[in-house]
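Chemist: Only the shape, not the letters, is given here:
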């Protein structure tokens with residue numbers, strides 16, 4: 001279900017999508033073009049704990065990570081004119097999903113399974129959710145997560161596009177919603 005935003009106004013923009021699709025890279029580029037502050041929720045969590053996401057999962061568990069994630073997203077979604085990248089699993093929490101959809105413009109970055117698979121070797125070590133999963137299990141997770149990303153305001157297909165092309169497309173879409 002896609003919900004079209006009535007207007008951008010001063011709303012923050014939230015990027016969602018599967019891990020490794022480029023939410024941080026694209027978010028930073030869009031923030032620069034729109035002259036807004038960029039916030040990567042996973043990086044903010046790592047700063048607070050002063051360890052990597054993988055170590056947080058190993059030491060404290062996913063539940064503690066998700067609680068901190070929810071608190072930070074809740075805080076930043078209420079701030080105007082931010083560009084926010086949330087982790088691939090953030091929308092598993094209905095409270096986060098509903099808050100983002102009501103307070104922000106939610107942009108879903110979609111990458112096909114075939115294109116995403118090519119990135120696996122680059123991201124596997126920094127994604128604790130992928131640890132110990134077979135390729136088939138990862139593919140199942142990929143497609144299961146697509147359902148949680150179905151609620152958004154704008155969807156951008158990113159296959160075979162450069163960062164600049166994706167960024168320009170997003171800025172154009174955002175300007176059309178105003």
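Modeler: Perfect, thanks for sending it. All figures in this text were calculated on a predicted structure; none of them were measured in a lab.
Chemist: give me the number of residues near residue 176?
Modeler: Neighbours of residue 176 under the rule other Cβ atoms under 10 Å: 9. (Glycine included, C-beta is placed from N, CA and C.)
Chemist: Distance of the closest residue to residue 110 other than its chain neighbours relative to residue 165?
Modeler: In space, residue 110 comes closest to residue 157 once its chain neighbours are excluded; the distance is 5.4 Å by Cβ to Cβ, 6 or more residues apart in numbering. Per Cβ to Cβ, to the nearest Å, residue 157 is found 11 Å from residue 165.
Chemist: got it, and residue 25?
Modeler: Residue 25 sits at a distance of 13 Å from residue 165 (criterion: Cβ to Cβ).
Chemist: Same check on residue 28?
Modeler: Relative to residue 165, and taking Cβ to Cβ, residue 28 is found at 15 Å.
Chemist: ok, which stretches of the chain are helices?
Modeler: Ranges of helices in the chain, per DSSP state H, are 23-34, 41-49, 53-60, 62-77, 94-103, 113-117, 120-123, 135-148, 163-177.
Chemist: how about residue 28, what does it touch?
Modeler: By Cβ atoms under 8 Å, 6 or more residues apart in numbering, residue 28 lies in contact with 38, 83.
Chemist: can you list the helices of the chain in TSV and add mean pLDDT and distance to residue 16?
Modeler: As requested, the helices of the chain are exported to TSV (pLDDT from 0 to 100; distance: least, Cβ to Cβ, whole Å):
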stretch	mean pLDDT	distance to residue 16
helix 23-34	96	7
helix 41-49	96	11
helix 53-60	91	17
helix 62-77	95	11
helix 94-103	95	8
helix 113-117	88	15
helix 120-123	70	17
helix 135-148	89	8
helix 163-177	91	13
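Chemist: mind putting those helices in CSV, distance to residue 85 included?
Modeler: Shown next, in CSV, are those (distance: least, Cβ to Cβ, whole Å):
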stretch, distance to residue 85
helix 23-34, 4
helix 41-49, 7
helix 53-60, 13
helix 62-77, 10
helix 94-103, 12
helix 113-117, 17
helix 120-123, 14
helix 135-148, 16
helix 163-177, 13
